[in-house]
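*Asks:* A structural model of the following input is requested.
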Amino acid sequence: VDFPGKTACCGFPIVTINEKASLKMVGNHTSTAKDLGASAMVTPCPLCHLNLDQYQDRAAWMMEREIDLPIIHVPQLVGLALGLDPEELKINKHVISTKKLLTEISLKP
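*Replies:* Below you'll find the predicted structure:
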């Protein structure tokens, strides 16, 4: 999916200063990606991964819609491509479930 917000800030830097604005950014990023057909979002930044995964449920509640978009960190994606077990990569520890995504790419959740 060609995501128009791929270089936009995820909102992590302002989460402690203006949580509502940060949640809005999380909601906008994840819902836009989902609406464009994304099955997941991959991020190279660990803070983006944290923010987009950890706060997505609260952002969805604030937006009054379901988002449920798994967030994968680049090293986890590389690990999957190399054949590492998803549990070894701690993908099962994400806030937003990755089970459906792992099933779609033929890996056991």
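
*Asks:* For the rest of this, base every contact and every neighbour count on C-alpha atoms.
*Replies:* Will do.

*Asks:* Phi and psi next, for V42.
*Replies:* Torsion angles at V42 (phi, psi; degrees, to the nearest 10) stand at phi -110, psi 130.

*Asks:* What is the burial count for D2?
*Replies:* 9 (other C-alpha atoms under 10 Å).

*Asks:* So it: helix, strand or coil?
*Replies:* coil (DSSP: H, G, I helix; E, B strand; the rest coil).

*Asks:* Would you map the helices across the chain?
*Replies:* 19-35, 46-54, 56-63, 74-81, 99-104 (DSSP state H).

*Asks:* Need the residue in the chain that's farthest from the chain's center.
*Replies:* I17 (21.7 Å; C-alpha atoms, centre = their mean).

*Asks:* The residue nearest to the spatial centre of the chain pairs with what?
*Replies:* In the chain, the centroid-proximal residue (C-alpha atoms, centre = their mean) is I71; its distance is 2.3 Å. Beta-bridge partners recorded for I71 (DSSP bridges): M41.

*Asks:* and it, what does it touch?
*Replies:* A40, M41, V42, T43, H49, L52, D53, I96 (C-alpha atoms under 8 Å, 6 or more residues apart in numbering).

*Asks:* any chance of those residues in a markdown table, with neighbour count and distance to T7 too?
*Replies:* Formatted as a markdown table, those follow (neighbours: other C-alpha atoms under 10 Å; distance: C-alpha to C-alpha, whole Å):
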| residue | neighbour count | distance to T7 |
| --- | --- | --- |
| A40 | 17 | 16 |
| M41 | 21 | 13 |
| V42 | 16 | 12 |
| T43 | 20 | 10 |
| H49 | 22 | 14 |
| L52 | 30 | 14 |
| D53 | 22 | 17 |
| I96 | 19 | 22 |
